[in-house]
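> Turn this into a model:
(one chain, ligands or ions: 3)
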Amino acid sequence: MKIAVIGGGSSYTPELIEGFILRADKMKIDEIVLVDIEAGREKLEIVGGLAKRMIEKSGLPIKVELTFDRVKAITNADFVLTQFRVGGLDARACDERIPLKYDVIGQETTGPGGFAKALRTIPVILDICKEIEEYSNDAWLINFTNPAGMVTEAVHKYTNVKAIGLCNVPINMRQMSANILEVDRDDVSMSFAGLNHLVYATNVHVKGKDVMDELLQGIIEGKNMNMRNIHDAPWEEEFLHALRVLPCPYHKYYYMMDEMLVEEKEAAEQRGTRAEQVKEIEKELFETYKNPDLNVKPKELEQRGGSLYSEAAVSLITSIMTNDNAIHTVNVPNNGTISQLPDDVVVEVTCVVNSEGPRPLQVGKLPTAVVGLVQQVKAFEELTIEAAATGNRHKALLALVNNPFVPSSKVAKQILNDILEENKQYLPQF
Ligand code: NAD
Ligand code: G6P
Ligand code: MN
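Ligands and ions are numbered 1, 2, ... in the order given. Model prediction:
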């Protein structure tokens with residue numbers, strides 16, 4: 001079994017390697033190829049060095065290779081994992097700062113920031129998919145690259161690659177629910193429905209008992225249900241009880257837009273945007289990775305938002321490899337799963353996964369209280385994907401006008417102009 005990791009220089013790579021080592025009894029991996037671009041040479045060498053030491057320490061017969069030749073990495077691969085960032089953290093900082101100029105939420109995966117990241121990323125993923133179609137061993141694409149839902153939808157709409165979009169939010173929500181309810185994660189069964197970074201847990205059971213009210217109460221009392229990269233604004237008690245489904249941490253940008261915007265502007269001034277904070281975290285992290293005596297995933301990685309990524313990715317690959325029919329919440333084509341959304345859009349839903357891939361569990365109708373938001377954001381996403389794939393400026397403008405963070409067509413146009421100007425070098429399609 002050959003696994004190619006595109007964006008191999010990512011600081012999340014040791015997380016993945018740890019996952020492969022921990023599941024080595026179930027997976028038969030012969031080769032892991034980490035591939036990056038020339039600009040990422042230093043990162044790839046540092047991360048690759050640590051990855052090699054981790055595998056060596058495990059004593060497993062897995063070959064770890066580093067390369068800048070993407071076709072070589074993809075050739076005969078059985079799984080291609082994508083975790084790259086076109087334009088790096090400078091482009092992310094720009095995505096976060098442009099909207100703030102207009103009093104609009106500046107977030108890297110949702111709103112105008114996610115829009116800009118999609119415009120930069122979709123042309124690259126479509127090129128990667130051409131190479132997967134031509135050179136791989138009919139590989140599965142496991143896409144972690146944000147905005148994961150939109151990037152995966154573009155792959156399904158424009159290529160024949162077998163693609164699954166992956167986010168660590170659902171597994172973290174389940175882990176945090178287990179912590180709040182003081183039970184093992186394996187005893188918590190949760191159904192998820194919605195979109196990536198706009199997903200709801202629609203029911204929560206522990207050993208057959210409905211525990212939604214208990215869980216919501218714990219969250220209202222201040223128990224942790226948040227991601228490291230998101231400001232932890234407390235949920236409004238009456239709202240959560242009225243909703244009676246559990247929103248994900250990213251929903252705070254929609255349901256508490258005013259409060260989140262004030263906090264973001266303050267943070268940007270005092271500590272820098274999240275990208276600027278991550279740059280500082282990464283400096284330290286890479287210094288740690290360089291230590292030739294380090295041969296395990298370092299604790300410092302926990303400051304990043306990617307916790308449990310390896311668990312999610314590696315258990316998903318295990319289900320495909322071993323046909324174990326386990327439950328995973330992943331991004332897949334809707335095909336009627338949520339009846340109020342089109343068939344060909346990608347949704348984040350609970351699936352049974354085996355060697356044929358993910359099979360979504362039927363959701364049916366989303367509650368009236370949430371369906372409007374989900375449909376509106378999906379319209380934004382569909383328009384963004386079309387704009388990214390075709391370079392059509394009108395579609396791009398309409399995408400932003402449809403985003404709930406954007407207050408008017410005038411602001412949409414100003415933000416669009418800024419994004420196209422700042423990202424020129426990454427937008428060959430425009
Ligand atoms: P990063 O900035 O470290 O980038 C990872 C690597 O991508 C870098 O080494 C860089 O050189 C490389 N790269 C840049 N352009 C490339 C290209 N055109 N082709 C191939 N490689 C390229 O990023 P990171 O913080 O490690 O995050 C990686 C990706 O994973 C991002 O897209 C991020 O949004 C995403 N992410 C997703 C989730 C999720 O839940 N799905 C969680 C965390 C991070
Ligand atoms: C979360 C999300 C990711 C996101 C990440 C950001 O885990 O699920 O999709 O990109 O955190 O973390 P960072 O440390 O880069 O801000
Ligand atoms: Mn995510």
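> what's the neighbour count on Val406?
With neighbours defined by other C-beta atoms under 10 Å, the count for Val406 comes to 25. All C-beta atoms are positioned from the backbone trio N, CA, C, and that covers glycine.
> Let me fix that, I meant to ask about Glu133.
Glu133: 14 surrounding residues under other C-beta under 10 Å.
> is the strand or helix carrying it anywhere near ligand 2?
For Glu133, the host element (DSSP states H and E) is helix 111-135. No. Taking C-beta under 6 Å from any ligand atom as the criterion, helix 111-135 and ligand 2 are apart, separated by no less than 9.6 Å.
> What is the very next helix or strand once past that helix packed up against?
Counting by DSSP H and E, the next helix or strand C-terminal to helix 111-135 is strand 140-143. Packing partners of strand 140-143 (3 or more C-beta pairs under 8 Å, 6 or more residues apart in numbering; DSSP states H and E): strand 79-82, helix 111-135, helix 148-158, strand 162-165, helix 309-322.
> Indicate whether strand 140-143 makes contact with ligand 1.
No. Shown here: strand 140-143 not in contact with ligand 1 (C-beta under 6 Å from any ligand atom), separated by at least 7.8 Å.
> chain center to that strand, what's the gap?
Offset of strand 140-143 from its chain centre (C-alpha atoms, centre = their mean, to the nearest Å): 12 Å.
> Now the closest residue to ligand 2 within the stretch 251-400 of the chain: phi and psi?
Relative to ligand 2, the nearest point of the stretch 251-400 of the chain is Gly305 (2.2 Å; C-beta to the nearest ligand atom). For Gly305, the backbone dihedrals (degrees, to the nearest 10) come out as phi -80, psi 0.
> For the stretch 251-400 of the chain, what lies in contact range of ligand 2?
The stretch 251-400 of the chain has residues 274, 278, 304-306 near ligand 2, with proximity defined as C-beta under 6 Å from any ligand atom.
> One more: the stretch 51-200 of the chain?
Counting by C-beta under 6 Å from any ligand atom, the stretch 51-200 of the chain sits next to ligand 2 at 109, 146, 167-169.
> and of these, the nearest to Leu400?
Distance to Leu400, by C-beta to C-beta, is smallest for Thr109 among those, at 15.2 Å.
> contacting residues for that closest one?
Counting by C-beta atoms under 8 Å, 6 or more residues apart in numbering, Thr109 makes contact with 117, 146-148, 196-197, 250.
> 10 Å instead, please
Contacts were defined as C-beta atoms under 10 Å, 6 or more residues apart in numbering; by that measure Thr109 touches 92, 95, 115, 117-118, 146-150, 167, 196-197, 229, 250, 253, 305.
> quick one: secondary structure of it?
At Thr109 the chain is in coil, as set by DSSP: H, G, I helix; E, B strand; the rest coil.
> Likewise for His205?
Under three-state DSSP, His205 falls in the strand class.
> Could you count how many residues lie near the residue lying closest to it once chain neighbours are set aside?
Closest residue to His205 apart from its sequence neighbours, by C-beta to C-beta, 6 or more residues apart in numbering: Ser189 at 4.9 Å. Close neighbours of Ser189, defined as other C-beta under 10 Å, add up to 14.
> Give me the phi and psi for Ser189.
Phi and psi for Ser189, reported as degrees, to the nearest 10, are phi -110, psi 130.
> so what's it up against?
Here Ser189 is in contact with 174, 203-208, 327, 350 (criterion: C-beta under 10 Å, 6+ apart).
> Turn those residues into JSON lines, including pLDDT.
Shown next, in JSON lines, are the contacts of Ser189 (pLDDT from 0 to 100):
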{"residue": "Arg174", "pLDDT": "98"}
{"residue": "Asn203", "pLDDT": "95"}
{"residue": "Val204", "pLDDT": "98"}
{"residue": "His205", "pLDDT": "98"}
{"residue": "Val206", "pLDDT": "98"}
{"residue": "Lys207", "pLDDT": "94"}
{"residue": "Gly208", "pLDDT": "94"}
{"residue": "Ile327", "pLDDT": "98"}
{"residue": "Thr350", "pLDDT": "98"}
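> Which pair of these spans the longest distance?
Applying C-beta to C-beta across the contacts of Ser189, the maximum distance is between Lys207 and Thr350, 17.8 Å.
> who's more crowded, these two?
For Lys207 and Thr350, the more surrounded residue by other C-beta under 10 Å is Thr350, and the numbers stand at 23 against 9.
> Would you mind measuring from the residue lying closest to Glu237 once chain neighbours are set aside to Leu301?
Closest residue to Glu237 apart from its sequence neighbours, by C-beta to C-beta, 6+ apart: Ile220 at 4.8 Å. As judged by C-beta to C-beta, to the nearest Å, Ile220 and Leu301 stand 30 Å apart.
> Neighbour count for these two, which is higher?
Shown here are Ile220 and Leu301; by other C-beta under 10 Å, Leu301 has more neighbours (19 against 16).
> quick one: buried residues of stretch 328-335?
Within stretch 328-335, the residues that count as buried by 16 or more other C-beta atoms under 10 Å are 328-334.
> how far out from the middle of the chain is stretch 384-404?
From the chain centre to the centre of stretch 384-404 is a distance of 21 Å (C-alpha atoms, centre = their mean).
> list the contacts for the nearest residue to the residue of the stretch 251-400 of the chain closest to ligand 2 once chain neighbours are set aside?
Nearest in space to Gly305, with sequence neighbours left out and distances taken as C-beta to C-beta, 6+ apart, is Asn229 at 3.7 Å. Each residue near Asn229 by C-beta under 10 Å, 6+ apart is listed here: 107-109, 249-250, 274-275, 277-278, 303-306.
> Make sure Asn229 is indeed in a strand.
No. Secondary structure of Asn229 (three-state DSSP): coil, not part of a strand.
> so how far is ligand 2 from it?
Distance, Asn229 to ligand 2, using C-beta to the nearest ligand atom, to the nearest Å: 3 Å.
> Ramachandran coordinates for that residue?
Main-chain dihedrals, Asn229, degrees, to the nearest 10: phi -90, psi 0.
> and if you look at Lys223?
Taking degrees, to the nearest 10, you get phi -70, psi 150 for the backbone angles of Lys223.
> quick one, helices of the stretch 201-350 of the chain?
212-220, 237-243, 252-255, 257-270, 274-290, 309-322 (DSSP state H, counting those that start in this stretch).
> Tell me how far the shortest one lies from the chain's centre.
In other words, helix 252-255. 18 Å.
> ditto for the last one
Using C-alpha atoms, centre = their mean, the mean C-alpha position of helix 309-322 is found 15 Å from that of the whole chain.
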